[in-house]
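>>> give me the fold of what follows.
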Amino acid sequence: MTGPLSGVRIIELPALGAVPFLGMLLSDLGADVVRIEKPPSTRPSITDAMLGGPLGRGRCSIGLDLRKPGAAEVVLRLTEKADALIEGFRPGVAEHLGIGPEATHARNAALVYGRMTGWGQNGPLAATAGHDITYLAISGLLHGIGSAEGPPVPPVNYVADFGGGSMFLATGLLAALLHARATGQGQVIDAAMTEGAAYLGTMTRALASIGNWKDERGVNLLDGGAPNYRCYECSDGRFVAVGALEPQFWSLLVTGLGADPASVPSPYDPAEWDACTHWLATVFKSRTRDTWAEQFAATDACLAPVLTLEEAPEHPHNAARASYTNVGGATVAASTPRFSVTPGQTRPTKGGGVDTDAILEEAGFSAAELADLRDRSVIV
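Below is the predicted model of the structure:
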């Protein structure tokens, strides 16, 4: 084991997207993550495929049917030697299964119990279903994403699920683990994706409070409204991203485009935004994306090619840093951030409950107990 979390054991209960992503992150950082998997389905879903691939990498796995009598005792015994548990059930489900915070803390008072949901553990919407787009909608952030002429555009499911959910629970989990190690006291973390997403919007709310951000789409400095912070189509139908916000960077961009900054419309006067945008759009349409990218690569003009998922790993900068790796046949981002003393690692995917016997034996289950659990289809 390597990584800054080496020696930390975490139990990951069955869940979709954001919880497995967190389990992957913690595993990449060296934690010993034991993933509890549902029994194999006769109709495998896309989620099953993802957990059998890169998203399920680096963890031990136990095949356990949490609905069966006796399953709760298996989980509780595992938590006795664990540092943390993460789950993404709707509020009350873990308690109904007999593996909620009260039951686990009775076995291990220092356990950090991480809960990740869209709406949080309480409130009018807590028991209802949702997805990234709905969580982002009530955070106030979705309203500001997209062009001025069209509807709000969902930013895939990066912001609420993984940014507002996984990353905020990761932060809370690490903070609570520090507290538990110092005091012996565990606690429950309630991570709501909608609140995490809203937290990510703190800067724009701060700008709005001083009159520097309009509560509209596509009319602000960083939302594609400003001509010096948006994407432009090139002659080959591909795009470049321009982020020449500061005057010195803008000057380098305009000079590189063959013009005098004093002779073109200004991006610093909203009244000239349309004219400035039109000028830039016309110029960028004259050459290919890669021609522009090569011309500006060694400058501070803040221009970059908009790469596809397939292209990104081959970009010279990403290749030089080995920013991507192959896991389970898929090219994915390598472990990040980077540590000078305790580097993380991207370990192979193991799934299907292949570690069930080994993990339960380590937890003190006898051969007779394992046979009984398997006979009753509690474990697979």
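>>> could you list every residue that touches the residue sitting nearest the centre point of the chain?
The centroid of the chain falls nearest to residue 162 when counting by CA atoms, centre = their mean (2.8 Å). By CB atoms under 8 Å, 6 or more residues apart in numbering, residue 162 lies in contact with 17-18, 21. Every C-beta, even on glycine, is put in place using the N, C-alpha and C of the backbone.
>>> can you tell me the SS state at it?
Put simply, residue 162 is helix when judged by DSSP: H, G, I helix; E, B strand; the rest coil.
>>> any idea how far residue 168 is from the residue nearest to residue 273 when sequence neighbours are not counted?
Among residues not flanking residue 273 along the chain, residue 227 sits closest, at 5.5 Å (CB to CB, 6 or more residues apart in numbering). Applying CB to CB, to the nearest Å, the value for residue 227 to residue 168 is 34 Å.
>>> domain ranges for this structure?
Segmentation of the chain into domains, based on automatic domain parsing, reads 9-200+326-375, 230-318.
>>> hmm, the residue nearest to residue 273 is touching residue 270, no?
No - counting by CB atoms under 8 Å, residue 227 does not reach residue 270; the two are 10.0 Å apart.
>>> neighbour count winner among the two?
Remark: of residue 227 and residue 270, residue 227 carries more neighbours, 26 against 15, as counted by other CB atoms under 10 Å.
>>> if we can go back for a sec, got the domains of the chain as JSON lines, with mean pLDDT and distance to residue 214 columns?
Listed next are those as JSON lines, based on pLDDT from 0 to 100; distance: least, CB to CB, whole Å:
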{"stretch": "domain 9-200+326-375", "mean pLDDT": "93", "distance to residue 214": "9"}
{"stretch": "domain 230-318", "mean pLDDT": "97", "distance to residue 214": "10"}
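>>> pick the most buried one from these.
Ranked by mean neighbour count, these are led by domain 9-200+326-375 with a mean of 18 (mean count of other CB atoms under 10 Å).
>>> how far does it sit from the chain's center?
Going by CA atoms, centre = their mean, to the nearest Å, the spacing between the C-alpha centre of domain 9-200+326-375 and its chain's C-alpha centre is 12 Å.
>>> which of the domains of the chain sits closest to residue 223?
Taking CB to CB, domain 9-200+326-375 is the member of the domains of the chain nearest to residue 223, at 5.9 Å.
>>> host element of residue 135?
Per DSSP states H and E, residue 135 falls inside helix 132-139.
>>> swap in residue 215?
Here residue 215 is assigned to no helix or strand, by DSSP H and E.
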